[in-house]
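*Asks:* make a model of this:
(2 chains, ligands or ions: 2)
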Amino acid sequence: MNTKGETQVKTILIGFIVPVLLVIGLEIICKLEIFPSQIVVAPHKVLITFFDLISTGELLEHLRISMYRVLTGFVLGATLGFIFGTVMALSPRSERIIAPLLSALSQVPLFGWIPLLMLWFGIGETFKVVFIAFGAFFPMLINTFEGIHGVPRSYLEVARAFEFSSAKLLHKVLLPAALPSLFTGIKLALGMSWMLVVGAELVAAGEGVGYLIVWGRQLFQMDIVFVGIAVVGSIGYLMFLTLNALEVSLISWHRPLSKK
Amino acid sequence: MKSTGTLSVTNVSKKFRVNNNEIHVLDNINLSVKAGEFISIIGLSGCGKTTLLRLIVGLESDYEGDILLDGRKLNGPSLDRGIVFQDHRLFPWLTVEKNIGLGIVGKSDTEKKEIVNNHIELVGLKGFEKSYPYQLSGGMSQRAAIARSLVNQPEILLLDEPLGALDALTRMYMHKELERIWKKENITMIMVTHDVEEALYLSDKIVVMSARPGKLQKIIPVPLARPRDRASVEFAEMKEKVLEEFMLHTEPHFTYTI
Ligand SMILES: Nc1ncnc2c1ncn2[C@@H]1O[C@H](COP(=O)(O)OP(=O)(O)OP(=O)(O)O)[C@@H](O)[C@H]1O
Ligand SMILES: [Mg+2]
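*Replies:* Numbers count the residues shown, from 1 in each chain, chains lettered A, B, ... in the order given. Ligands and ions are numbered 1, 2, ... in the order given. Presented below is the predicted three-dimensional model:
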C-alpha cells in the first residue's frame, strides 16, 4: 500500500521535471536579455499577469464563454455522431447509403469548412457551435460505429438464444460491449471540440480564451498570449484526466489489470 | 415426472457454402431423445457436433429434414431450449447475479431475485453473486453459464463441451454436480464431449458420430446403475465398447481373470 502510494507520487512528480526545467531555463534566458520581451517573457511575469487577469475576473469570463461554446458544440456533435454511428452499425443498408458521403466529408480538413460555415451562419455563436459540433461529430461517429459493429458474434448468439428484444439487445449487450470504443470517441470528440473553439475564436470572436490570445498579440503583450496558451493547455489536459478517471471507474471489467 | 422435453431429429442434413464450395457437414441424422434422458454426443473434432447442437438450439435455420420438440417443429431459438456454450459466453460487464438474471423473462423483480438466488445456490456459487467473470475460475464461469441456462426452466438443456477447459479433478467434481442438477431439475440434457469417461459417467445413451460428412455411427445405451463407479469392471467394459468405435480399444489379450 505504502510503496504503491510512493510510486504513484513518483510517477506524477516525474511528469513535472521537464516543465520545471523549462521554466527555470526561460527565467535564465530572460534574465540574460538574449531576446526582446516581445518574443519571450519571463515565467514569473506570466504568472503575475495570470493573477491579474483572474482578479479582474476577465480570464474566468473568457473561459466561461469558451466552455459554453465547447459544451454546446460537443453535445450537439457527439450526440449526432452517436446516433448516426449506432444506426449505421445496426442497419447495413443505412450504412451503404450514408457511409460514402460521410467518409468523403470527413476527408475535408476541418479548417477548410470555415469560409463556408461563415457564409451560412455569420461569425456569431451559431458559427462557432456548428464548427465545433462538426469536429466532434466524426470521431464519435466512427468510434460508435466500430464499437457496435465489432461486438463479437458470440454475444449476439447468446442474446438470440435468450430471445432478447431489440431494446434489451441494444441496452444490455451492444452498448455495454461498445463502451470502451464509445469512450474513445468521447475523448477524441471533446479534445477536438476544445481545439476547435480556440481555432474559431482566433478567427472571429470578441471574447473567449482564443480571443484572449489574439488580443495579447495585438497589444504586443506576450505575457497575455502565454497565459492564454497555458490555460488552454491545462484545461485540455484536465478534461483528458477527468475522462480517463471516469473511464477507469466505469469500465473496470474491461481492463482488470489496470485495477489494483 | 415431466411429459415434455422429447426431441426428434429426422433425416437432418446440413451444408455450408464457403466460396462457392458446398461443405456437407451433417448427413441424414436421425435421433430421438426421450423426456428426461441424458444423451452424450462424441466424435472426432470437426465431425459436426457443434453444428448439430446449433441446429437444435435454432441458431442455424437453413437445413434439410425435421427437428421436432415435443412434436412441434422448431422456429428459431426459444426459451424452452437452454444452451451452455463451449466458451461460457458470460457478459464481462455484468456480475454473476446480473448475468444469470439477464435471461429471465416475464417475472417481477422479487421473483427474479429469488430465481437467481436459487440457481446460484444450485451451482454452488454462493458468495460470488457480485463477482465479475474475470474474477472467476474457468470452472466457476462454466457453473455460472449453466445456472444462466437453467433460469427459464428449459425442457431441454444443450451443453457444448461444457467442461472441456477444466482440469481432470475439477471435471470429476463437475460431473457429480451436473448429475445432481439433471436429477433435481428433471430435464432432458444433450451434451457434446470429447471425453469417453465423462460420457459414460453421465449418459443414458452415447451417440457416436463419424466425420466428413458427419453421420450417426452408433447409439450405445449405457445401462449402468447410478451413481456410477469409474473403477468398476462394468464401467471399464463399457469404455472398451465405446473406444472400439474409434478403433482405440486395447487389444484382446487384455482380459480379466479374477
Ligand atoms: N459457419 C460455418 N461456415 C462454414 N463451415 C462451417 C461453419 N460452421 C462449421 N463449419 C464446418 O463444419 C464442420 C463441423 O464443424 P463443428 O463445429 O460442428 O465440428 P465439431 O464436431 O463441433 O468439432 P469440435 O469437436 O472440434 O468442436 C467443420 O468442418 C467446420 O469447418
Ligand atoms: Mg464443437
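*Asks:* how many residues are close by residue 117?
*Replies:* In the absence of a named chain, chain A is used. 18 (other C-beta atoms under 10 Å in any protein chain shown). Quick note: C-beta positions are derived from backbone N, CA and C, even for glycine.
*Asks:* I was thinking of chain B, sorry if that wasn't clear
*Replies:* Residue B:117 has 15 neighbouring residues, counting by other C-beta under 10 Å.
*Asks:* same question, residue B:96
*Replies:* Residue B:96: 27 surrounding residues under other C-beta under 10 Å.
*Asks:* show me the residue at the heart of chain A, geometrically.
*Replies:* By C-alpha atoms, centre = their mean, chain A has its centre lying nearest to residue A:191, at 1.4 Å.
*Asks:* quick one: buried residues of whichever strand or helix holds that one?
*Replies:* Per DSSP states H and E: residue A:191 is located in helix A:175-203. Across helix A:175-203, burial judged by 16 or more other C-beta atoms under 10 Å in any protein chain shown covers A:175-201, A:203.
*Asks:* that one close to chain B?
*Replies:* Yes: Helix A:175-203 reaches chain B (C-beta under 8 Å from any C-beta of the partner chain) through A:176-177, A:179.
*Asks:* which of those residues sits closest to ligand 1?
*Replies:* Ranked by distance to ligand 1 (C-beta to the nearest ligand atom), these are led by residue A:177 at 21.3 Å.
*Asks:* that closest one: what's its closest spatial neighbour, skipping adjacent residues?
*Replies:* Using C-beta to C-beta, 6 or more residues apart in numbering or on different chains and skipping the chain neighbours, the partner closest in space to residue A:177 is residue A:151 (4.4 Å).
*Asks:* how distant is the helix or strand hosting residue A:18 from the center of its chain?
*Replies:* Using DSSP H and E, the element containing residue A:18 is helix A:2-31. Put simply, helix A:2-31 sits 25 Å off its chain's centre (C-alpha atoms, centre = their mean, to the nearest Å).
*Asks:* please apply the same query to stretch A:194-205.
*Replies:* That offset, for stretch A:194-205, works out to 13 Å (C-alpha atoms, centre = their mean).
*Asks:* hmm, who's touching the longest helix anywhere in chain B?
*Replies:* Scanning chain B for the helix with the most residues, using DSSP state H, yields helix B:168-185. The contact list for helix B:168-185, computed with C-beta atoms under 8 Å, 6 or more residues apart in numbering or on different chains, reads B:38, B:122-124, B:138-139, B:142-143, B:146, B:150, B:153, B:157, B:162-163, B:166, B:189, B:195, B:198, B:201-202, B:226-227.
*Asks:* repeat that for stretch A:48-59.
*Replies:* Stretch A:48-59 has contacts (C-beta under 8 Å, 6+ apart) with A:60, A:212, A:221, A:223-224, A:226-227, A:230-231.
*Asks:* specify which member of those residues is nearest to residue A:138.
*Replies:* Checking the contacts of stretch A:48-59 against residue A:138 by C-beta to C-beta gives residue A:231 as the nearest, at 26.4 Å.
*Asks:* for the lengthiest helix in chain A, give the mean pLDDT please.
*Replies:* For chain A, the longest helix by residue count, based on DSSP H, is helix A:58-90. Mean pLDDT, helix A:58-90: 94.
*Asks:* quick one, it and helix A:175-203 angle?
*Replies:* 140 degrees (axes from the mean of the first three to the mean of the last three C-alpha atoms, to 10 degrees).
*Asks:* how far does helix A:58-90 sit from the chain's center?
*Replies:* Using C-alpha atoms, centre = their mean, the offset of helix A:58-90 from its chain centre is 9 Å.
*Asks:* only the buried residues of that helix, if you could.
*Replies:* Quick answer for helix A:58-90 (16+ other C-beta under 10 Å): A:59, A:62-63, A:65-67, A:69-70, A:72-78, A:80-82, A:84-86, A:88-90.
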